Every structure is written in C-alpha cells, then in structure tokens.
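> Sequence plus the predicted model coming up.
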Amino acid sequence: VRKLEKRSKVPAVLEWIYTFLWAICIILVLNQYLFQFYVIPSGSMEDTLLIHDRISVNKLIFGPELLPGILKMPGFAKPQHGDIITFKNPDYKSKGPLFDIVQRFVFMLTLSLVNLDRNKNGGPAIHYLIKRVIATGGDRIKINPSDGSMMLKPAGTDRWITEKTFKELAGLHYRTIRLFDRADYRLLLRATRAYVRYNAGLPVTRADIEAANRMPSFYDFKVYEDYRDRLGYEIQPQNHVVGGRWRSFENGWYIPKNYYFPMGDNRDNSHDGRYFGPIPLRIVLGKATFRFWPPDRIGSLYQQK
C-alpha cells in the first residue's frame, strides 16, 4: 500500500513542477512583449516614484525586443517629452541574450531570491534605468552651472528657455525636486577650486579650504565634475580631455533623431543623461504608466492639471 501511495504522489509532484515552470515561461513571454512590473530601487525619481514603489511598464508601445538585446520590433508610438521610460543602462556590460534569458528564468524560478546578474564587486548589476524624457530629436539641452537647472532649446526654435517655461508651453505637469540650493552651489564652486588648485600644485586660499571642509557629500554629484573640468581647463588649457568635456557641458547636448535625453525628477540625486548623454530608441524598453503599490498611492504616474 505504501509503495502505491508513493507512486501516486510522484506524478502529482511532477505535474505541479511542470505547471509552475509553464507559468514562469508564460510570464517571461508577457514580460518580454507586453508589460512588465518593476520595483523602484533608488530615489532618483522622487517625489514621482519612491523607493519600493511597484509600477507597471507598457512594453508594446515603443516596440518590444524579439529577444533580449536582439532586433527591436516596431512600436505604436515614440517617447515624448515628459514620458517616464525604462531603458537599458548605457554603462551596463551585456553578457549576451542567452545569459539574459537564463538569468530572468532563474530569478523568477527562485521567486526573486537569486540574481545571477552581478557586477565586478559582487553586487546586483544595474541593467535597467527609469527616468523621464526631457528632450527629444532636434532639441538642444544644457545645464546652468550656477544652480544646476536645465535649459532647453526646443527643435525649430532659436532661443534657450527654462524647463519651467517649456513645461508651461507644452502642457506638462510633472514636478522635480532639488536637494541643494544656490548657496550650496557657491560652496561647491569654492571647494572644487580648492581641489583643482591643490592637485595642480597651486596655492589654495584659506576660504577655499574652509569651503571644502564644509562641503556635504557632493563627490558623486554631476555639477562637481562639471566645475572640476571647467576649472581644470582654465588652469591647464593644454589638457584637451578636460577641455573637451567642459565645452560639451558649456554648449549643451544636441539630441539626434530617434534619440532621447533622460533625467531623474530628483535632479541632484540621479545618474542620467548628464553622465552618458542621449540614448537611442533601440535601448528604450517601455513606458511606465501605473503604480499599483503601495495601496495609498495607487494610480497613474502622470499628473493632470
């Protein structure tokens, strides 16, 4: 009797495993071509998206990939100003489509407990980013070095306007936040001057040293790098690398056709287009549309006036 009972249990277990694996395969297909759920890992899109928010991303609208990293299919639309998009991190080093498929399968099979995609330090690799489209093909964008604000020269126009003015003209209602005020930028400039002069073997004033000592944690902040390049070029004009980076920052970025400039809504805490430049449509994966968690913040990601 016990042998018969064991035999009767085996097919049931196998059937359960088969059903579980089949469900994972279906979900992987849906995630690849139709929609995907994401958990927000950082504060770069605050206050629009908070850490641990769970959102739904439309994968079909901009055209899904046939396989991960291979042959982007035609979509029904292209990203527009103000869209929140997911895209492949331009700094991510792909291990190939086969690895991506296996990694996704293992990730879901283990209920998100095992992530095979690791960086060189052993932590989870940052494969995807989520940001807002600030500029599209034909636009030009630059950052004001005095306060880090964004300036835009829309396609077909000949003058720079502020982001606030552009949003009013385009009927966009998203909100951005800043962590630092103008006084912080003045402090940043003095501290950076001290750093650059010190490394160039030049005298540093006491005021600049005091400013450097009062500096908050700016050293992963983009404007610090821009100030450093500008001051470095002023001190060492023969340094063409620094000079090239600074001129790019000073003149702004031109956005080619089918390219997009992404930025986080939390402007002082976001790794975005200011670091890696405009991104091509072929790496855009989808449009974030809806937040389904937490319950008290369920709703569309796009504000209505």
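Received, thanks.
> all contacts plus neighbour counts: C-alpha atoms, from now on.
Fine.
> Go ahead and flag the most central residue of this protein.
The residue lying closest to the centre of the chain (Cα atoms, centre = their mean) is Leu129, at 3.7 Å.
> hey, where'd the strands end up in the stretch 201-305 of the chain?
In the stretch 201-305 of the chain, the strands defined using DSSP state E, counting those that start in this stretch lie at 253-254, 259-263, 279-280, 284-293, 299-300.
> Take the ones you listed and lay them out in CSV including mean pLDDT.
What follows is the strands of the stretch 201-305 of the chain, written out as CSV (pLDDT from 0 to 100):
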stretch, mean pLDDT
strand 253-254, 90
strand 259-263, 96
strand 279-280, 96
strand 284-293, 93
strand 299-300, 92
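> before we move on, back to that, confirm the residue nearest to the centre of the chain sits in a strand?
Yes. In this structure, Leu129 lies within a strand as judged by DSSP: H, G, I helix; E, B strand; the rest coil.
> Tell me which residues touch it, please.
Shown in contact with Leu129 (Cα atoms under 8 Å, 6 or more residues apart in numbering): 86-89.
> Among those, which lie within strands?
86-88 (DSSP state E).
> how about the helices in the stretch 51-200 of the chain?
Taking DSSP state H, counting those that start in this stretch as the criterion, the stretch 51-200 of the chain carries its helices at 97-109, 163-170, 182-199.
> Extract the CA atoms of the first one and return them as CSV.
Just to be clear, that refers to helix 97-109. Output of helix 97-109 as CSV, limited to C-alpha atoms (Å, rounded to 0.1, in the frame of the first residue of the first chain):
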residue,chain,number,x,y,z
PRO,A,97,20.9,37.3,-24.8
LEU,A,98,21.3,33.7,-23.7
PHE,A,99,22.5,34.8,-20.3
ASP,A,100,19.7,37.3,-20.0
ILE,A,101,17.1,34.6,-20.7
VAL,A,102,18.6,32.2,-18.2
GLN,A,103,19.0,35.0,-15.6
ARG,A,104,15.4,36.0,-15.9
PHE,A,105,14.2,32.4,-15.7
VAL,A,106,16.3,31.7,-12.6
PHE,A,107,15.2,35.0,-11.0
MET,A,108,11.6,34.1,-11.3
LEU,A,109,12.1,30.4,-10.5
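> I'd like the average pLDDT over that helix.
The average of the pLDDT scores along helix 97-109 is 81.
> by contact count, what packs against it?
With contacts defined as 3 or more Cα pairs under 8 Å, 6 or more residues apart in numbering; DSSP states H and E, the packing partners of helix 97-109 are helix 2-33.
> Top of the ones in strands among the contacts of Leu129 by number of neighbours, please.
When neighbours are counted as other Cα atoms under 10 Å, the busiest of those turns out to be Thr86, with 22 neighbours.
> residues in contact with that residue?
Contacts of Thr86 were listed using Cα under 8 Å, 6+ apart, and they are 57, 128-131, 284-288.
> between those residues, which is nearest Asn269?
Nearest to Asn269 among those: Lys131, at 11.9 Å, using Cα to Cα.
> What separation do you get for that closest one and Gly82?
From Lys131 across to Gly82, the span is 10 Å (Cα to Cα, to the nearest Å).
> The two - which one has more neighbours?
Between Lys131 and Gly82, counted using other Cα under 10 Å, Lys131 has the larger neighbour count: 25 against 19.
> which non-adjacent residue is nearest the more buried one?
Taking Cα to Cα, 6 or more residues apart in numbering, and ignoring the residues beside it in sequence, Lys131 has Gly264 as its nearest neighbour in space, at 5.0 Å.
> Looks like the one you found contacts Thr48 (just checking).
No. Contact criterion Cα atoms under 8 Å: Gly264 and Thr48 do not qualify, at 9.6 Å.
> what about those two, which has more around it?
More neighbours surround Gly264 than the other of Gly264 and Thr48, with 26 against 19 (other Cα under 10 Å).
> rewinding a little: among the helices of the stretch 51-200 of the chain, which is the most enclosed?
With neighbours taken as mean count of other Cα atoms under 10 Å, these reach their highest mean count in helix 182-199, at a mean of 18.
> related to what we said a few turns ago, from the contacts of Thr86, which would you call buried?
Neighbour-count burial within the contacts of Thr86 applies to 57, 129-131, 284-288; the criterion is 16 or more other Cα atoms under 10 Å.
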